[in-house]
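Engineer: The sequence isn't on hand, but the structure is:
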Ligand SMILES: N[C@@H](CCC(=O)N[C@@H](CS)C(=O)NCC(=O)O)C(=O)O
């Protein structure tokens, strides 16, 4: 079980690498009527950010520190969690929070503007339902088990929570296999030659952090099978995803507090420690 010594690193407050370039392209306050309040390390933010990029919806970015909870963040997100959206087309401006709700909102906007979509068409309700089953699994199992694994400290807990996380990944692959038989439209990038899909965006930020943060702090290896590996390559290399990724060190530094389960790391970490649902 790999756990290096806690060197007291702090989370980053500014994107690096490709993500920084994307922030710079979207920093003009007059460039769009939606502001994305986000933080560079946050996987919930990354979900919506990938959706903005893929659906081609104009937006500007405002990087905020969610632990300092500036007033402008509290105005759009009542618990002071990133992400939040400020919608300038309303007078006074309106707001939305919650990554899954924001994903739905962006999808609805795109249907009526750019005509892009992460979901199978509405004429395919069963395929859409399969995608939502996949996303439900990601939210209820994959995401919480990621944090349980990363925050667990003693060796036997790490073995147990590591197995739990691996099982959640295998179950996701299983759901893709089911879609492959029943409704290939519900596959996203799992299909060779497929396009980015809803589940890829829902799960991608944690798959990515599994490939760097969990690998570094827990010695975790993602499933070895060639199909899974090829899927991850397609996902991590997809332009809409890659454009939202900072350099690896940013994630390693920002997650050290989780890996050592430092007190009051975050609302997510507190929820995991007390066995409550995620905020
Ligand atoms: N359910 C929220 C969760 C968002 C969330 O937990 N964001 C974290 C950063 S990754 C945060 O803002 N934490 C601030 C805190 O813990 O006070 C969503 O899906 O948007």
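Structural biologist: Thanks, I have it. Since we're looking at a predicted model, the values are computed, not measured.
Engineer: Please list the residues of the stretch 51-200 of the chain that sit near the ligand.
Structural biologist: Listed as neighbours of the ligand in the stretch 51-200 of the chain under the rule Cβ under 6 Å from any ligand atom: 66-67, 80-83, 98-99. Heads up, the C-betas are built off the backbone N, CA and C, glycines and all.
Engineer: now for those residues, which pair is the farthest apart?
Structural biologist: Farthest pair in these (Cβ to Cβ) is 67 and 98. Separation: 18.6 Å.
Engineer: Those two: which has the busier surroundings?
Structural biologist: Neighbour totals were compared for residue 67 and residue 98, and residue 98 leads with 18 against 15 (other Cβ atoms under 10 Å).
Engineer: tell me the phi and psi of the more buried one?
Structural biologist: phi 80, psi 120 (degrees, to the nearest 10).
Engineer: And it, how far from residue 223?
Structural biologist: Taking Cβ to Cβ, to the nearest Å as the measure, residue 98 falls 30 Å from residue 223.
Engineer: Now do the same contact list for the nearest residue to residue 175 once chain neighbours are set aside.
Structural biologist: Nearest residue to residue 175, sequence neighbours excluded (Cβ to Cβ, 6 or more residues apart in numbering): residue 134, at 4.8 Å. By Cβ atoms under 8 Å, 6 or more residues apart in numbering, residue 134 lies in contact with 172, 175-176, 179, 186, 198-199, 202-203.
Engineer: same deal with residue 265?
Structural biologist: Counting by Cβ under 8 Å, 6+ apart, residue 265 touches 257-258.
Engineer: Buried only: go through the residues of the stretch 51-200 of the chain next to the ligand for me.
Structural biologist: Buried members of those, counted by 16 or more other Cβ atoms under 10 Å: 66, 80-83, 98-99.
Engineer: Skipping adjacent residues, who's closest to residue 114 in space?
Structural biologist: Excluding the flanking residues, the one nearest residue 114 by Cβ to Cβ, 6+ apart is residue 56, at 4.5 Å.
Engineer: Now do the buried residues in the helix or strand containing residue 126.
Structural biologist: Element membership for residue 126 (DSSP states H and E) is helix 125-137. Residues of helix 125-137 classed as buried by neighbour count (16+ other Cβ under 10 Å): 127-128, 130-131, 134-135, 137.
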